[in-house]
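>>> Here is my input, please return the structure:
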Amino acid sequence: MAYWLLKTEPGEFSYDDLVRLGRDRWDGVRNNAALKNMRAMHPGDLALFYHTGDQRQVVAVCRIVSEPYPDPNAGDPRWIVVDVEPVRQLPEPVTLAQIKADPAFAGWDLIRQSRLSVMPVPDPIWHRIAGEG
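Numbering: from 1, shown residues only. Below is the predicted model:
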């Protein structure tokens, strides 16, 4: 199993939206590095659900429930999507400010490549934020 971080603007699609739907397609990713990360996803992988914009915080855990497949709305086979389902909300969100202030997160893509919308989460960081495996 691999761990990921998925960023979304909560005004467009929030964790509450995913909970309400029960399962949905993670789409709209166009960055080549983020798409490469999505191509490495498999059903059962877990992801940190990160709200961007004014919130800038990890709010929940979700699960990848499909293999990557071409985005049916994109018209370009290079653009892919995966389906996700909610797992659980974190007891307390973990803010970007907290992450930047903690040396344990130094070197993580969330800090180094702040515009990347889909990224791997190393095991030690996953356990520090999500507390599960």
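
>>> Any chance you could list what contacts stretch 60-75?
Stretch 60-75 is contacted from outside by 4, 6, 15, 18, 23, 27, 38-39, 41-49, 76-77, 79-90, 130, 132, using CB atoms under 8 Å, 6 or more residues apart in numbering. From N, CA and C alone the C-beta is placed, and that goes for glycine too.

>>> If we use 7 Å, what do you get?
15, 18, 23, 27, 38-39, 41-49, 77, 79-90, 130 (CB atoms under 7 Å, 6 or more residues apart in numbering).

>>> what's the average pLDDT for it?
The average pLDDT for stretch 60-75 rounds to 95.

>>> Stretch 30-42 now?
96.

>>> One more: stretch 19-26?
Mean per-residue pLDDT for stretch 19-26: 98.

>>> on that earlier part again, among the contacts of stretch 60-75, which are located in strands?
46-49, 80-90 (DSSP state E).

>>> Now, of the contacts of stretch 60-75, which are buried?
15, 18, 27, 38, 41, 45-49, 79-84, 86, 90, 130 (16 or more other CB atoms under 10 Å).

>>> ok, now which ones touch L35?
29, 80.

>>> host element of it?
L35 is part of helix 32-39, with elements assigned from DSSP states H and E.

>>> Run the chain-centre distance for that helix.
In terms of CA atoms, centre = their mean, to the nearest Å, the centre of helix 32-39 is found 12 Å from the chain centre.
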